[in-house]
Every structure is written in C-alpha cells, then in structure tokens.
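Engineer: One predicted model, sequence on top.
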Amino acid sequence: MTQPTTSIQKIGVLTSGGDSPGMNSAIRAVVRACAYYNIKCVGIRQGYEGLIHNQMSELGARSVKHIINKGGTFLQTARSEEFRTPEGRQKAFDHFKKNELDALIVIGGDGSFTGANVFHKEFNVPFIGIPGTIDNDIFGTDFTIGYDTALNTCIEAIDKIRDSATSHNRVFFVEVMGRDAGFIALSSGIASGATNILIPEEKDSLEELFESLQKSEQAGKNSSIIVVAEGEELGNVYDLAKATEKRFPEYDVRVTVLGHIQRGGNPTCMDRVLASRLGVAAVEGLLENKTNVMAGSRANKIVYTPIEEAIKKHNEIDKELIKVAKILAI
Ligand SMILES: Nc1ncnc2c1ncn2[C@@H]1O[C@H](COP(=O)(O)OP(=O)(O)O)[C@@H](O)[C@H]1O
Ligand SMILES: O=P(O)(O)OC[C@H]1O[C@](O)(COP(=O)(O)O)[C@@H](O)[C@@H]1O
Ligand SMILES: [Mg+2]
C-alpha cells in the first residue's frame, strides 16, 4: 500500500464476544500495522465495556511482544449488556471522543459486528471488523480466527476418546461447540474418523442414527464415535445417549462434552497467519477510508465484505464434506 491520505490518526482496537485463539495475534498485527503507518493505536479493555467505562490505553509496537503465540485475549473480552442500550452507547461515544479516537477495529463475531454497526449508525464512527470466533460461522471469510486451533484441539481430544472407545467396545457421543453451526463438528468428525456426525444444518432422525449404528456393527465395528454439534436439533448428547441405550440395551454408551477447552490454547500456524493478515488488512482498510466492512480471506485473498452481509448471510455447509464423511464411515 502507498502512504495513505486519510484523516485517521488514532485507531481503537477491542476484542468482543467469545474469545478465540489467535485474537492476541490479531491485536498484535493491528498495533504493529498502526506503528508502521505512523498511526496511534489504543487498546480498549473488555470489549465495549472498556469504551463505556473508559478503560483504554495507548499501545506501541513493543507493548504487544510475546503474545503472538498466546491463546485468549490480553485486552480481555466481554458480552456487554449496557452497549445494547442507547444510554450505554452514548457513554461509549463520549469516551471515544474524549480519547480522540477516529475509528474502531472490532475483533469478534456477528454480535460484535452488529453492535459496531448500530454504533456507526448513531454516531458515524468508522469501523472495520475482524472475524474472531471458533465457530467459523461468519460470511465473507473462508475461515475465522480460532477455528483451526479449535479443530486441532477437538481431534486431539477425540483421538484420546477413541483409545477408550476401542479398548472397551463403546459408543461415544462427543459434543463439540457450535451454537448454531456445524463447521467444527463436520471437519473434526471427518478428521477423527467419526462414524456419524450430527449438525444443525442437516435434518437428522433417530431412526437413521440407529440404522447406521446397526450397520456399523454388522460391518464389523466394535466401537463408534458420534460427533454432535452443540446446536444439533435432534437433541443434546445426553438425550441422544439415553435414546441409544434404550434402543440398544447391550451397547456401552458414554458421553463427552469437550466444552471450553476448544476455546483455549496456543493458536495454530494457520490461525496466527490469518490473524496477522487480517490485522494488517483492517488497518490498511481504514486508512483507505473503508468503513462498515469486515476484513476476511477468501481463496487466500484479502476481501472486504459489507458488514451487513457478514452478519446476515451464512456460509453454506460444504455438501462434498458431508458426502466424504458418509463414504468413509462405511
Ligand atoms: N443489536 C446489538 N446492539 C448493540 N450491541 C450489540 C448488539 N448485538 C450484540 N451487541 C454487542 O456485541 C457483544 C458481543 O455479541 P455476542 O453475540 O455475545 O458475541 P459474538 O460477537 O461472538 O457473536 C454483545 O455483548 C453486545 O455488547
Ligand atoms: O460459554 P460462552 O462463553 O457463552 O460461549 C459458548 C459459545 O462459544 C461459541 O463457541 C462461540 O460463540 P461466539 O459467537 O461468541 O464466538 C459457541 O459455539 C458456544 O455456544
Ligand atoms: Mg456470535
């Protein structure tokens, strides 16, 4: 990028919503890119709460050393109820002005982008979003920051579960995160050799599940791993396990909920590189006077998607992956 002509002199950065591995790498990239382009950068603590309560401080290039490899977010994150109110956002804007900020970079999920968009409509605050969530459920990017790390955490855990499943001839129901989306379940299920994968994007039935378990048995399988997305509509892992035990009293059924281990840990190389690229892209975007967009990566190229599309549209589940999972579970 050539040296930009812009009125933006000072950018505030925050992380909001659920934390995800790689958020620190993204903050570092934003701070360093600002330093590179001679723009001031201010770190806002605990998402929108930090704007409302004036918790922020200037960050220089050296202040983000040794964090590229750390999970979580050193700025901390929050789900701010106060920011959902006009009074809360007024306080946030007062502190935005008081600190002489010109724009915001919001690292978070669809909820955080919705909040930024509302804030922009009310106070005309320029902002760019960076997709940080393990769920990979944001339109406008092939991958969100944290997804790859979460997948690797899942397969490491499911590999361990497999050891117990095969040693005891057990049927394991494993719940992975994904409040509304099955991306984590589908990819981690394929990569860990699951016999069945249940995701909210597909219509599933107990009959089909039972039939498939029977087929597995007839095909000579002594154990099964069924990966279930948190948002699966057929039921949660406990209900599914109970129904399976009722239908097949001879099966030894167990449940594991992977939970928040999926949200932590050192980010993978993929997530660190993605976070680094999107952090730079967000700063450059603002300097090119882009606003109300999300910086994402599609087919390995940086793209800026209008924030309303990023919030409202959904990435389709890849049918080819569903087919692969079915074929390989023979
Ligand atoms: N409609 C909205 N108006 C104002 N702020 C919102 C709105 N929706 C979300 N937010 C803000 O964004 C925060 C994060 O949203 P949330 O859905 O919890 O996480 P994520 O960004 O990970 O999807 C919320 O706690 C709230 O402060
Ligand atoms: O326990 P918490 O912090 O509410 O988060 C649980 C949620 O985190 C997620 O992994 C990601 O949610 P976000 O949209 O906030 O990033 C969901 O799948 C899950 O339901
Ligand atoms: Mg969300």
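Structural biologist: Yep, it's here. Ligands and ions are numbered 1, 2, ... in the order given.

Engineer: so how far is ligand 2 from residue 157?
Structural biologist: Distance, residue 157 to ligand 2, by Cβ to the nearest ligand atom, to the nearest Å: 15 Å. (C-beta placed from N, C-alpha, C; glycine too.)

Engineer: Give the helix, strand or coil label for the closest residue to ligand 2 within the chain.
Structural biologist: Nearest residue of the chain to ligand 2 (Cβ to the nearest ligand atom) works out as residue 18 at 2.8 Å. Three-state assignment for residue 18 (DSSP: H, G, I helix; E, B strand; the rest coil): coil.

Engineer: For the nearest residue to it once chain neighbours are set aside, give me its contacts.
Structural biologist: In space, residue 18 comes closest to residue 133 once its chain neighbours are excluded; the distance is 6.0 Å by Cβ to Cβ, 6 or more residues apart in numbering. By Cβ atoms under 8 Å, 6 or more residues apart in numbering, residue 133 lies in contact with 17-18, 20, 108-109, 144-147.

Engineer: In JSON lines: the residues you listed, plus pLDDT.
Structural biologist: Below are the contacts of residue 133 laid out as JSON lines (pLDDT from 0 to 100):
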{"residue": "17", "pLDDT": "95"}
{"residue": "18", "pLDDT": "94"}
{"residue": "20", "pLDDT": "97"}
{"residue": "108", "pLDDT": "97"}
{"residue": "109", "pLDDT": "95"}
{"residue": "144", "pLDDT": "98"}
{"residue": "145", "pLDDT": "98"}
{"residue": "146", "pLDDT": "98"}
{"residue": "147", "pLDDT": "98"}
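
Engineer: what does the model give the residue nearest to residue 18 for pLDDT?
Structural biologist: The score at residue 133 is 96. That number is its pLDDT.

Engineer: Next up, the contacts around the residue of the chain closest to ligand 2.
Structural biologist: For residue 18, the contact set (Cβ under 8 Å, 6+ apart) comprises 77, 109, 133-134, 263.

Engineer: Neighbours of the closest residue to residue 110 other than its chain neighbours, how many?
Structural biologist: Distances taken as Cβ to Cβ, 6+ apart place residue 311 nearest to residue 110, at 5.0 Å, with adjacent residues excluded. For residue 311, the count of nearby residues is 22 (other Cβ atoms under 10 Å).

Engineer: ditto for residue 317
Structural biologist: 17.

Engineer: Tell me the spacing between it and residue 200.
Structural biologist: Going from residue 317 to residue 200 by Cβ to Cβ, to the nearest Å gives 9 Å.

Engineer: Find residues that contact each of the two.
Structural biologist: residue 182.

Engineer: Residue 327: neighbour count?
Structural biologist: 8.

Engineer: Over to it. Which of the three states is it?
Structural biologist: Following three-state DSSP, the label given to residue 327 is helix.

Engineer: give the contact list for it.
Structural biologist: Per Cβ under 8 Å, 6+ apart, neighbours of residue 327: none.

Engineer: so what's it scoring on pLDDT?
Structural biologist: 96.

Engineer: where does the stretch 1-150 of the chain dip in pLDDT?
Structural biologist: 1-5 (pLDDT under 70).

Engineer: Helices of that one, residue ranges please.
Structural biologist: Ranges of helices within the stretch 1-150 of the chain are 23-36, 48-52, 86-98, 110-123, 147-168, based on DSSP state H, counting those that start in this stretch.

Engineer: Among those, which comes closest to residue 286?
Structural biologist: For residue 286, the closest of the helices of the stretch 1-150 of the chain is helix 23-36, at 9.5 Å, according to Cβ to Cβ.
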